[in-house]
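Colleague: Make a model of this:
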Amino acid sequence: MEAIFSSTTGRGYWNKVRASAEPLLLRVVENRDRIPSSLSIARSSKFVQLSLHPRKSSLFKVLSAEKDQIHVVEGSCVDELYDALVARLLPLVLLSSNPNHKLLVGLAGPPGAGKSTLAHEVARRINKIWLEKASSFDSKVQPPDIAIVLPMDGFHLYRSELDAMENPEEAHARRGAPWTFNSLRLLTCLKNLRIDGSVYVPSFDHGVGDPVEDDIFVNLQHKVVIVEGNYILLEDGVWKEISSLFDEKWFIDIDIDKAMQRVLKRHISTGKPPDIAKQRIENNDRLNAELIMKSKKNADIVIKSVDF
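Modeller: The predicted structure is shown next:
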């Protein structure tokens, strides 16, 4: 991956991007003076210092270059992460010779890693930049969003489908495991999106506990589709076919214990008693997280989770 930063903005945007088979790694840099949100991207032990907007508070290894060399840029907030990810995607959209091409990004990671937060913020920033770009040509034109998030949650099996399984009690207890999702339907939706350029997909109503049909519409104007979900980078069965459809594969890495602490708070916030929430984590969520972590090796970029 080669990355050239714009010295006019100092924001770390890429002016040139070249694909690489090696994954990039975004990780926290330990520094006594850094703020909690400071983080970095790295892939090698060789570094080149770039003083775009130097501060002593933290260090961001934002992008890497060829020949095992990594460019280093200083920064001080999590915005650097979002900017780097946005800047990775935008050139791929702008330079595409096919106006109907969609950039499919698969964002995986265990429960509690921050997938939804990161996906929606990257999409929001892409749309903001696109709006500003269009407005500079014609202030009367309101361009459509070009980035959208497609959550895997909408492909949960319905509770009625779990009831019809051989062991309904186990099915409900393990809801969230790979076999409690309709992976074939997700694969079909993504294939139809590739072919037709648009598709209706379900969302998930956590209050009701079931999918909501046709709640999200990915249309012809969308150029970036971020598919976020736990299992989309797995190597087994239908999941492997799903993974093969993505142009970009991202994985949010996190210590499992920390992730489970976040999930515990989530369970309690939805009304589960603490003891029941802890049982669910040990008997289901942690097992799922351990499986998900094995798919990290399939990512193009590994992002170290922070408190977004």
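Colleague: can we go C-alpha only for contacts and neighbour counts from here?
Modeller: OK.
Colleague: Just list the residues touching H120, thanks.
Modeller: I148, V149 (CA atoms under 8 Å, 6 or more residues apart in numbering).
Colleague: does it sit in a helix, a strand or a coil?
Modeller: helix (DSSP: H, G, I helix; E, B strand; the rest coil).
Colleague: From E290, how far off is it?
Modeller: 25 Å (CA to CA, to the nearest Å).
Colleague: And for I126?
Modeller: The value you get for I126 to E290, if CA to CA is used, is 32 Å.
Colleague: Just want to know which of those two has more residues nearby.
Modeller: Neighbours per residue (other CA atoms under 10 Å) separate I126 from E290, with I126 holding more: 23 against 12.
Colleague: and the more buried one, what helix or strand is that in?
Modeller: Assigned by DSSP states H and E, I126 belongs to helix 115-135.
Colleague: before we move on, what about R88?
Modeller: According to DSSP H and E, R88 maps onto helix 79-94.
Colleague: Quick check: mean pLDDT of whatever helix or strand comes next after that helix?
Modeller: Counting by DSSP H and E, the element after helix 79-94 in chain order, helix or strand, is strand 103-108. On average, the pLDDT along strand 103-108 is 97.
Colleague: Listing partners with orientation, what would you give for strand 103-108?
Modeller: Here strand 103-108 is paired, per DSSP bridges, with strand 224-228 (parallel), strand 248-253 (parallel).
Colleague: other SSEs contacting the helix or strand just after the last one?
Modeller: Moving toward the C-terminus from strand 248-253, the first helix or strand encountered (DSSP H and E) is helix 256-269. With contacts taken as 3 or more CA pairs under 8 Å, 6 or more residues apart in numbering; DSSP states H and E, helix 256-269 sits against helix 274-280, helix 286-293.
Colleague: Show me what the first one is packed against.
Modeller: So that's helix 274-280. If contacts are counted by 3+ CA pairs under 8 Å, 6+ apart, helix 274-280 sits against helix 256-269.
Colleague: which parts of the helix it packs on are buried?
Modeller: For helix 256-269, burial by neighbour count (16 or more other CA atoms under 10 Å) applies to I256, A259, M260, V263, L264, H267.
Colleague: Which of these sits closest to P91?
Modeller: When the buried residues of helix 256-269 are ranked by distance to P91 (CA to CA), A259 comes first, at 32.5 Å.
Colleague: Do I have it right that the closest one meets G109?
Modeller: No - using CA atoms under 8 Å, A259 is not in contact with G109, being 10.0 Å away.
Colleague: what's near enough to touch N100?
Modeller: N100 sits in contact with G197, L220, K223, where contact means CA under 8 Å, 6+ apart.
Colleague: start to end distance for stretch 220-240?
Modeller: 26 Å.
Colleague: actually stretch 243-260, not the one I typed
Modeller: 25 Å.
Colleague: For the biggest strand by length in the chain, name the packing helices and strands.
Modeller: Determined from DSSP state E, the single longest strand within the chain is strand 210-218. Secondary-structure packing of strand 210-218 (3+ CA pairs under 8 Å, 6+ apart): strand 199-205.
Colleague: mind listing what's buried in the strand it packs on?
Modeller: Buried, per 16+ other CA under 10 Å, within strand 199-205: V199, V201, P202, S203, F204.
Colleague: Mind putting the residues you listed into CSV with distance to G114 and pLDDT?
Modeller: Shown next, in CSV, are these (distance: CA to CA, whole Å; pLDDT from 0 to 100):
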residue, distance to G114, pLDDT
V199, 26, 96
V201, 22, 97
P202, 21, 97
S203, 18, 97
F204, 17, 96
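Colleague: residues in contact with the residue positioned nearest the centre of the chain?
Modeller: When CA atoms, centre = their mean is applied to the chain, the residue found nearest the centroid is L107 (3.2 Å). Counting by CA under 8 Å, 6+ apart, L107 makes contact with K115, A119, I226, V227, E228, G229, I232, K249, W250, F251, I252.
Colleague: Redo these as CSV? Include pLDDT and neighbour count.
Modeller: As requested, those are exported to CSV (pLDDT from 0 to 100; neighbours: other CA atoms under 10 Å):
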residue, pLDDT, neighbour count
K115, 95, 22
A119, 96, 23
I226, 98, 24
V227, 98, 22
E228, 98, 24
G229, 97, 23
I232, 98, 29
K249, 95, 24
W250, 94, 25
F251, 93, 32
I252, 92, 24
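Colleague: Let me know the closest of the residues you listed to L190.
Modeller: The nearest member of the contacts of L107 to L190, counting by CA to CA, is V227 at 9.4 Å.
Colleague: and the helix or strand where E169 lies, how far from the chain's centre?
Modeller: Using DSSP H and E, the element containing E169 is helix 168-173. Taking CA atoms, centre = their mean, to the nearest Å, one finds helix 168-173 lying 29 Å from the centre of the chain it belongs to.
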